[in-house]
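[1] mind folding the following:
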Amino acid sequence: MADLDRTADTIDVGKRLVRAGGGMGLSLGERLANQINQLSWRTPLHAFRLKGRFPLKLLAVPDDEIIGDPRRGEALLAGIVSFRGTQIARDAADFDTLAGSPIGDYLQSFAWLRDLATAAPRAQCIPIAESLTQQWLDDYAEYVTDAGWRADLWGRRILFWTAHAPLILSSTDLVYRSTVLNALARGARHLERTADRVLPGVPRIAAWSGLLAAGLLIAGGEARQKLAEAGLTRALAAGFSEDGGLVSRSPEQQLDVVMLLTMLGKVYAARGVAVPDVIDLALARAVPPLLGVVLGDGSLSSWQGGGPNAALSIAAIVEASGVKTRALRQARGWGYQRFSGGQTLVVIDAAPPSVSRFAKGGCASTLAFELSDGARRLVVNCGGAALGNPLLPPDLALGLRTTAAHSTLVLNDSNSTKILASGALGAGVTEVLLDRQESESGSALEARHDGYARRYGYVHHRRLSLSADGKELSGEDSLRPTEAKRKRTDPSFAIRFHLAPKTEVTLTADGLGALLRIDGGPLWQFRVRGGGLIVDDSLWVDGDGRPHATQQLVVSGQVAGAATINWTFKRAG
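    Now for the predicted structure:
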């Protein structure tokens, strides 16, 4: 059966992945339309559109089966709002001042309700939940502003308000309860006119999901439900590749969408209504590629600016989704490849970056890889560029998006895909060609990208091969001249292997190898041929956005017409 699975996973020879649209971000027209749309929110006409019947109650309260972060919940109980490196006093939390920051979005979305509910009994949570909710109502219930009424945040807010209604609607104060329900209804009317104007991908999916939840849970919502189901269908079609991976290529966003669709499924269940096939199928297809980028510690590998989310959170979201499946070894359209052998896992970025309109914090990481041995990581990418931690200065966050921040080859100290001053991804990798073979001896992948072809006249080829027992990962990086007849320079190259924190490194006497002990665990040997080897400083960003000092192996040399570098990671014992 294993052999049959390997055969089914084999890529056809010459499989091509192309970056459609290049570095295209939002057009000038789209940016102007978004600004005009937001300005229209403050007009009397939009205020009139938000008026309507006051709902007296919710038709049902969905279950939230996903556990929250108990550390954040306990901090809230202690009077602190904590999120990704930022801590502020709960009583001093200012929604407007924090607008647009990660902790601001955390507050505005009301995702903290889940964390709070995880940390303590309901009676202990209610006063805190009602206090922060009242503060939001005072600031935004009657005043439509960018900070409080962003469509994707309203979508999330509706999902969390309804799932945790016992925390915010248990008050005997009828005026307060009525204000909460009226705000929810006004938010739904706002989404009816704005959900399709929010950025494609996760923001648009979040907006339509919230509107759909409102259609199911507020009386008289049949027409709204129909509108939202059609809108969400469009958003899902535009947001996913054919294999269930998001077009942003972000594993962190992939996890987020699985969470959103899982919460939406619980809304249908609470009403006793069948989930539409298109939504059910989207969720079922989104989980396998998500699992495909999970390493042996149960956390995500670090791609497109994300970090290794907590393993318990990933497991809880996948379990709550109800999708029973295995990890997808080849997300062909999404662009990630997965090797497994013994207790070794390897995840490879085998595609061009996403186009800029989808890629917030997108990275020039083509042909990089990460490796774990059981629950311990060995080779990593720096990660964390899109997490927005204030501990990461803007220059450093930008640096984490570069090719040099990933475990792959860098030519002439430049990015395989340009990162523009605006933060958008520019020209570079447009095409990746790859072949994959599976056999009794293990898994092998050959791939090449054209990111350096126009600038330097070279194509980067990478071959990776993992033995069936997982004890040896061998690689070959080569730079081959293009066919174009143009003067070529002889650039320098550096192949970087960023190591997980607490990995002990000892160079061998001949300078062509190193001994690597993972966090007091297994010993690995590294050998290289075709370049000089040094050990340099590096850093790794955890799932909370906090940087950790670590080291990297750097193999360097000069290209003289062409170059081939062979290297091996071998487990000792």
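
[2] can I see the domain layout of the protein?
    Here the domain parsing of the chain from automatic domain parsing is 2-14+330-572, 28-198.

[3] centre of the chain to the last one, how far?
    By that I understand domain 28-198. With C-alpha atoms, centre = their mean, to the nearest Å as the basis, domain 28-198 stands 22 Å off its chain's centre.

[4] returning to what we had before: which of the domains of the chain is buried the deepest?
    Highest mean neighbour count among the domains of the chain (mean count of other C-beta atoms under 10 Å): domain 2-14+330-572, with a mean of 19. For every residue, glycine as well, the C-beta is placed using N, CA and C.

[5] find the centremost residue of the chain, please.
    Residue closest to the average C-alpha location in the chain (C-alpha atoms, centre = their mean): E252, at 2.1 Å.

[6] where does this structure have low pLDDT?
    1-50, 356-359, 485-488 (pLDDT under 70).

[7] which strand in it runs the most residues?
    Using DSSP state E to define each element, the chain has its longest strand at strand 547-558.

[8] just the CA trace of that strand, in CSV.
    In CSV, the C-alpha atoms belonging to strand 547-558 read as follows (Å, rounded to 0.1, in the frame of the first residue of the first chain):
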residue,chain,number,x,y,z
PRO,A,547,13.4,36.2,18.0
HIS,A,548,15.8,33.6,19.3
ALA,A,549,19.6,33.6,18.6
THR,A,550,20.8,30.6,16.7
GLN,A,551,23.5,29.7,14.1
GLN,A,552,23.7,28.8,10.4
LEU,A,553,26.0,26.8,8.2
VAL,A,554,27.1,28.8,5.2
VAL,A,555,28.7,27.2,2.2
SER,A,556,30.2,29.8,-0.2
GLY,A,557,32.2,30.2,-3.3
GLN,A,558,32.6,31.9,-6.7
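
[9] quick one: list the elements packing against that strand.
    Helices and strands touching strand 547-558, by 3 or more C-beta pairs under 8 Å, 6 or more residues apart in numbering; DSSP states H and E, are strand 492-499, strand 503-507, strand 532-541, strand 563-572.

[10] need those strands in TSV with distance to S171, can you?
    Converted to TSV, these look like this (distance: least, C-beta to C-beta, whole Å):
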stretch	distance to S171
strand 492-499	51
strand 503-507	53
strand 532-541	41
strand 563-572	59
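
[11] figure out which of those strands is closest to L76.
    The closest of the helices and strands packed on strand 547-558 to L76 is strand 532-541. By C-beta to C-beta, the value is 24.3 Å.

[12] now the closest one against strand 563-572, angle please.
    Per axes from the mean of the first three to the mean of the last three C-alpha atoms, to 10 degrees, the angle that strand 532-541 makes with strand 563-572 is 70 degrees.

[13] shift numbering so it begins at 22
    From this message on, residue numbering opens at 22, which makes the last subject strand 553-562.

[14] quick one: strands adjacent to strand 553-562?
    strand 568-579 (antiparallel) (DSSP bridges).

[15] coming back round to it: out of the helices and strands packed on strand 568-579, which gets nearest to L190?
    Closest among the helices and strands packed on strand 568-579, using C-beta to C-beta: strand 553-562, at 38.2 Å.

[16] so where do the strands sit in the stretch 272-421 of the chain?
    Assigned by DSSP state E, counting those that start in this stretch, the strands in the stretch 272-421 of the chain fall at 351-352, 357-362, 365-370, 390-394, 397-401.
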